[in-house]
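Peer 1: I would like to see how this sequence folds:
(2 chains)
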Amino acid sequence: MASLIGFYSLFFSLGCSILILLFSFKNLKNTTNFDNKLLSLTFLQLVFIILSFFGLIIAFINSDFSNSTVFNHSHTTKPLFYKISGTWGNHEGSLLLWLLVLTLFIFLFLISSKKQPKKYRVLTLLFQQIIIIGFLIFLIQTSNPFAQIYPVPSEGLGLNPILQDPALAIHPPILYLGYVGSSIIFSSVLAASSTNYISKEWAKHIKQWILISWIFLTLGILLGSIWAYYELGWGGFWFWDPVENVSLMPWLALTTLFHCVLVLEKKLLLTSWVVILSIATFTLSMSGTFLVRSGILNSVHTFANDPERGLYILIFLFILIFLSLIVFFFFHKTDGRNKITFFWLSKETSILINNWFMMYFLAVVLIGTTYPIFLDVLSSQKISVGPPFYHKLIVPFLIPFLLAMAIGPKLNWIKSDLQNKFHLLLLLAISLLLSFLIIRILEISFLFNTILFTSAFYLFFITLRDFFIKGFKNLAQNIAHFGFSLLILSILLNNFLSNEVITNLKIGETYRSDELTINFEKIEKIKRQNFEAIIGKFNVKKDDGIVEILKPELRIYNQPNIVTSEADIKTNLLSDKFITMNLVQNQEYFNIRYQIKPFMIWIWFSVIIISFGGFFSLFKKKYEK
Amino acid sequence: MDFLVFLKKNMKNKILIPFTAISFLFIFFILYEGLNRSNVYTPETVTNKKIPKFKVKVFDSEKEITSKEIFENDIHYLLNIWASWCIPCRDEHPYLMELKRNKKLEIVGLNYKDKIKNAKNFLDELNNPYTLILSDVDGTVAIEWGAYGVPETFLIYNGKIIKKIIGPMNEKLFKEIEKAIK
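Peer 2: Numbering: from 1, shown residues only, chains lettered A, B, ... in the order given. Take a look at the predicted model:
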């Protein structure tokens, strides 16, 4: 029943879309006021999508296996929480969630933009409806979440155990709010371009939407990263997996866009940057969907591969690109507003410099992710691009990037000089000294690392100083930049200080090395709702005599029948102790992996600080000098 | 000077629009083609390329050995680049164990960027298919061979590479190797 309501709601909301299109065209021609019918219809559409979404959730809660999505991704013995989160833990359901966010955001946009020009609002709605219609047809045609199975199976196939995790249950909704939030920016920029409304007022109004998407995208990526860290058990925070990359690319574009919009709001400069980046952000989000869902790339995220779906998204994606290019080339006017040249030492120049760096990072990630496809098609060679590629191309350029991030905000708009900037040099000297000492203690290769540490510390100290000197002035920017310096420092220290022991142990055995002993005390078996757990007990004794007890698990899930390994992680402020155990086939010993990961929590924490900076900016009245 | 504005002003209609259109058409074509291809590694066959000359340390000892000494006999050799941290290596391991039984073939392992202890554990866990293991701690020997990554396998006869497999071995490739040896 719930499935049926859900299914028909999709058609009703498609009907709403068509009515909205009709009334929009009428509204554009005739009246001077915004037609309130459009608002009601948008609300109605949202209600239908919510109905549809809840229809699917209810089908999952009731384990209604006549629905093929439920059959493929759920099971009666699953805990209620994961039955619900299973709704968006699959291709069909996640697309429905995507639609929900699309319709929710356009509704929120309409009720919050009443002060904006009528024509601009109607056009934004129109462009957004094109996206919504595209996704509705995609959903109904190729990925119907309400497809029926007859005869009704008595039991479902179950949800992939690695997806049965609290972080992953909220990761997709948060990430989608970010991804799909960029659709509003896309529609809005096309509308503003075609009505020649790219102005300071527009910048001020769209800035809020950019920030909202940016905050959710940042937190969404963070959640995914935390999940990969403890659930996949690889013991790192970023693997340059294609799926991670496709979420990083819109993030880079969005971050750059935000900085450009600040310049636009203040000085009415960089309009072309803003238009192109707004288009790029959403296009990159869509490309991400294409790359992941079509199965064109190998990745840890295995959604069903279906060339038909891939083809549909590909065509839809290129229609959107085509549409936005037409708007950009034929409607977007620069009418001489950009003629003011930049003085070399000014805030806008430093933002422009950082833009180019961001574009460079974006290009590296884009090429690394898509190059294998191009090479395969053009020359039938198979390659995979791994972390060394990204590290070699990105890390060196972090140095000038960090320095520009430190100095840029100190400069004035239009033109500045370097009087009274003695403290800049002083802090640079301190950073250099500190880095020098750290490099000496760590005994790592000298020159490059010293410069890298110095630039990170420099940003760290400059932002730290500003908290005390400037107080609430520029606080949001300062928080975000401070968070970024902390992130880079944590990553560097984590990278250099990580330590790992891999060994095979039988129950009762002890591993000894100079620094620590690992004693495998015992195992216990525990039966849970939908899996059986084998819990190992390990006593890890360090050379300073402190004993820590770690309890990694092996979980044997009943449906589908999969064994997963759950890491046990002891976290404190300075480092994470990470242990996993794995069964070795036909042997009585277990494979044990023990890792010391310094400053892990600081990596997560600094990303939270960065997004908090964005959050703070959202509630700030005006961007100051 | 805003570069994009410069571009737009000067070359908008003549160059930029056709150029953008063609680039996007090209990208569309590539992605469309890419959709129809499988994304699994396929073997690349190199015939009759001479093996590189090199000197290398034997695994877990200080002894050095040259390429000539390794491949001196008149039989087939299989050079397999592997590492304990490499997950696909685990997948192809049973095939190597199977090939070990073939008396006309000797399997030489090149342990790539690995810790000796971890590598030993790996072999203890999954058994040792190699008659000789070479140690390539910094990965330079693999570069000499033109390897793309781990795992990678070369079939060698009479000082020449007669077959090269990028990525893990599978049933099909395993049979091809058996056929080549006969």
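Peer 1: Relative to chain A, how far out is B:K55?
Peer 2: 25 Å (Cβ to the nearest Cβ, to the nearest Å). All C-beta spots, glycine's among them, are computed from the backbone N, C-alpha and C.
Peer 1: Torsion angles phi and psi at that residue?
Peer 2: phi -120, psi 140 (degrees, to the nearest 10).
Peer 1: Measure how buried it is and give me the count.
Peer 2: 11 (other Cβ atoms under 10 Å in any protein chain shown).
Peer 1: Write down the beta-bridge partners of it, one by one.
Peer 2: Taking DSSP bridges as the rule, B:K55 bridges to B:T66.
Peer 1: What score does A:F612 have for pLDDT?
Peer 2: Looking at A:F612, its pLDDT reads 93.
Peer 1: show me where pLDDT drops low in the stretch 351-500 of chain A?
Peer 2: A:413-421 (pLDDT under 70).
Peer 1: for chain B, what are the nearby residues on it?
Peer 2: Residues of the stretch 351-500 of chain A found near chain B (Cβ under 8 Å from any Cβ of the partner chain) are A:I373, A:F374, A:D376, A:V377, A:L378, A:S380, A:Q381, A:K382, A:I383, A:S384, A:G386.
Peer 1: which ones among those residues are found in helices?
Peer 2: Mapping these onto helices (DSSP state H) picks out A:I373, A:F374, A:D376, A:V377, A:L378.
Peer 1: and these, which are buried?
Peer 2: Neighbour counting by 16 or more other Cβ atoms under 10 Å in any protein chain shown classes A:I373, A:F374, A:D376, A:V377 among those as buried.
Peer 1: start to end distance for stretch A:136-147?
Peer 2: Terminal residues of stretch A:136-147 are spaced 15 Å apart (Cα to Cα, to the nearest Å).
Peer 1: which residue is nearest the centroid of chain A?
Peer 2: A:I221 (3.2 Å; Cα atoms, centre = their mean).
Peer 1: hey, C-alpha coordinates of stretch A:224-232 in CSV?
Peer 2: C-alpha atoms of stretch A:224-232 as CSV (Å, rounded to 0.1, in the frame of the first residue of the first chain):
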residue,chain,number,x,y,z
GLY,A,224,32.3,9.6,4.9
SER,A,225,36.0,9.9,5.8
ILE,A,226,35.4,8.9,9.4
TRP,A,227,33.4,6.0,8.3
ALA,A,228,36.1,4.8,5.9
TYR,A,229,38.7,5.1,8.7
TYR,A,230,37.1,2.8,11.2
GLU,A,231,34.8,0.6,9.1
LEU,A,232,37.0,-0.2,6.1
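Peer 1: State the three-state secondary structure for the residue nearest to A:I111 when sequence neighbours are not counted.
Peer 2: Of all residues beyond its chain neighbours, the one nearest A:I111 is A:L39 (7.2 Å), with distances taken as Cβ to Cβ, 6 or more residues apart in numbering or on different chains. Under the three-state scheme (DSSP: H, G, I helix; E, B strand; the rest coil), A:L39 adopts helix.
Peer 1: A:D568 reaches A:L550, doesn't it?
Peer 2: Yes: in terms of Cβ atoms under 8 Å, A:D568 counts as a neighbour of A:L550; the distance is 4.6 Å.
Peer 1: between these two, what contacts are shared?
Peer 2: Overlap of the contact sets of A:D568 and A:L550 (by Cβ atoms under 8 Å, 6 or more residues apart in numbering or on different chains) consists of A:I579.
Peer 1: Now flag whichever of the residues of the stretch 351-500 of chain A next to chain B is closest to A:I133.
Peer 2: A:I373 (28.2 Å; Cβ to Cβ).
Peer 1: so that closest one touches B:L31, yeah?
Peer 2: Yes: if you go by Cβ under 8 Å, A:I373 and B:L31 touch, sitting 6.9 Å apart.
Peer 1: so what sits against both of those two?
Peer 2: Common contacts of A:I373 and B:L31, defined by Cβ under 8 Å, 6+ apart, comprise A:I296.
Peer 1: Now B:G139: phi and psi?
Peer 2: Taking degrees, to the nearest 10 as the convention, B:G139 sits at phi 80, psi 10.
Peer 1: quick one, phi psi at the residue nearest to it when sequence neighbours are not counted?
Peer 2: Spatial nearest neighbour of B:G139, excluding adjacent residues (Cβ to Cβ, 6+ apart): B:K113 at 4.9 Å. Backbone torsions for B:K113, taken as degrees, to the nearest 10, come to phi 40, psi 60.
Peer 1: Contact partners for B:K113?
Peer 2: Residues in contact with B:K113 (Cβ under 8 Å, 6+ apart) are B:A83, B:D136, B:V137, B:D138, B:G139.
Peer 1: In these, find the pair that's most separated.
Peer 2: The largest distance within the contacts of B:K113, taken as Cβ to Cβ, falls between B:A83 and B:D138 and amounts to 12.7 Å.
Peer 1: Which one's more surrounded, those two?
Peer 2: Neighbours per residue, other Cβ under 10 Å: of B:A83 and B:D138, the larger number sits with B:A83, 22 against 10.
Peer 1: how about low-confidence regions in chain B?
Peer 2: Residue ranges of chain B with pLDDT under 70: B:1-14, B:37-48, B:148-149.
Peer 1: any idea how far B:K164 is from the residue nearest in space to the middle of it?
Peer 2: Against the mean C-alpha coordinate of chain B, by Cα atoms, centre = their mean, the closest residue is B:E152 at 2.9 Å. B:E152 sits 7 Å away from B:K164, taking Cβ to Cβ, to the nearest Å as the criterion.
Peer 1: swap in A:L4?
Peer 2: For A:L4, the distance to B:K164 - Cβ to Cβ - is 56 Å.
Peer 1: Would you indicate which residues of the longest helix seen in chain B are buried?
Peer 2: Counting by DSSP H, the longest helix found in chain B is helix B:17-35. For helix B:17-35, the neighbour count (16+ other Cβ under 10 Å) marks B:I17, B:I27, B:F28, B:I30, B:L31, B:G34, B:L35 as buried.
Peer 1: Pretty sure A:F316 sits against A:L139.
Peer 2: No: contact criterion Cβ under 8 Å: A:F316 and A:L139 do not qualify, at 11.8 Å.
Peer 1: care to break chain A down by domain?
Peer 2: Taking automatic domain parsing as the reference, chain A has its domains at A:1-164, A:499-600.
Peer 1: just those: most buried one?
Peer 2: domain A:1-164 (a mean of 19; mean count of other Cβ atoms under 10 Å in any protein chain shown).
Peer 1: and the end-to-end length of it?
Peer 2: One end of domain A:1-164 to the other measures 27 Å (Cα to Cα).
Peer 1: Kindly report the same for stretch B:151-166.
Peer 2: Using Cα to Cα, the end-to-end distance of stretch B:151-166 comes out at 7 Å.
Peer 1: Which neighbours in the sheet does the lowest-mean-pLDDT helix or strand in chain A have, and how are they oriented?
Peer 2: When the helices and strands of chain A are scored by mean pLDDT, DSSP states H and E, strand A:563-566 comes last with a mean of 79. Paired strands of strand A:563-566, with direction, are strand A:553-557 (antiparallel) (DSSP bridges).
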